[in-house]
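In: Test case, fold it:
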Amino acid sequence: MSFPQVSVPAAEMPSTVLHFMRIDVPDALPPPNPDLIQRFNPRAVVIVIIDNFGLFEAVVYRPEFLIKNMEVLALLQTSSPQAVPLITSLLRGPRAFHLTEYVRGYGKFVRVVCRADDAELFGFDPAYTVTTRDDMATYVESTRYVFRSELLLVHFLDFESLYAQYGHRTPPETLLGKIVRRTDNWIKVLYRQARTGTLFIIVGNHGRHPVPLNYEGKLAEWRKANAPIAIMFQKREDGSRQQ
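Out: Numbering: from 1, shown residues only. As a prediction, this is how the structure comes out:
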């Protein structure tokens, strides 16, 4: 498994996405990350956000498709790795900047697939937002738009709600492992359906609320040091990976 690992301030991600899409970056935003922009030249961008998925989960549960295709592992530098503040930092900037609104203003085909609460919380316009009831519906709707969209943003967040329902019967670490592997398979399907040249940015955060996981020893220590991540890879013409 060979891939570059870079540290990226989360605040640089909006301008980096704009650069990938060949859209002017507002002066008020931090500049694009130089380590990332030299590695990719995409035709479209798919951002998949997974709650309760970070460096620790990637190492412990080893999602097969993501590990196999990863070209860059970006460790996101942020003082707030929880879902809401991290997603906000990926979308918003100074002077009322909003990533999806800004991209759409350039005439790009934008779709967001998320829960209704998220659409309101993060300020997604109903004109380009598809709201869903659970992750399965989010996945199904995403397959409808992945080929057409120039920017597609998808948010998977089932773990905490399923833990509230089934945590008393299923150990939370077992449930989390199943969700990581399930979502990995869904991303594999989205990748197959995407147009050639599509860049995938798989963002993991610490979730909305702390969930007690029954790790001990070194695993418990590593979990405490867990970092939010962005796994990045591009669907290329010949199937090759950029080194």
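
In: What are the boundaries of the strands in this structure?
Out: Under the criterion DSSP state E, the chain contains strands at 5-9, 44-50, 72-77, 110-115, 129-132, 151-156, 198-204, 229-234.

In: May I see the ones you listed organised as TSV, with mean neighbour count and mean pLDDT added?
Out: To be clear about C-beta, it is placed using only N, CA and C from the backbone, and glycine gets the same treatment. TSV is the format used below for the strands of the chain (neighbours: other Cβ atoms under 10 Å; pLDDT from 0 to 100):
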stretch	mean neighbour count	mean pLDDT
strand 5-9	14	93
strand 44-50	24	97
strand 72-77	20	94
strand 110-115	23	97
strand 129-132	19	98
strand 151-156	26	98
strand 198-204	25	97
strand 229-234	25	96
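
In: Format those as TSV; extra columns: distance to Thr138.
Out: Formatted as TSV, the strands of the chain follow (distance: least, Cβ to Cβ, whole Å):
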stretch	distance to Thr138
strand 5-9	25
strand 44-50	10
strand 72-77	22
strand 110-115	5
strand 129-132	5
strand 151-156	6
strand 198-204	14
strand 229-234	18
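
In: For Arg182, which of those strands is the nearest?
Out: Across the strands of the chain, Arg182 has its closest neighbour in strand 151-156 (9.1 Å, Cβ to Cβ).

In: got the angle for the closest one vs strand 44-50?
Out: Interaxial angle of strand 151-156 relative to strand 44-50 (axes from the mean of the first three to the mean of the last three Cα atoms, to 10 degrees): 10 degrees.

In: list the helices and strands strand 151-156 packs on?
Out: Applying 3 or more Cβ pairs under 8 Å, 6 or more residues apart in numbering; DSSP states H and E, we find strand 151-156 packed against strand 44-50, helix 99-105, strand 110-115, helix 135-145, helix 172-193.

In: Now do it and strand 110-115, the angle between them.
Out: Using the same axes, to 10 degrees: strand 151-156 against strand 110-115 is 10 degrees.

In: Pull the residues that contact strand 151-156.
Out: 17, 21, 44-51, 87, 100, 103, 108-115, 118, 135, 138-139, 142, 145-146, 183, 186, 190 (Cβ atoms under 8 Å, 6 or more residues apart in numbering).

In: No more questions from me, cheers.
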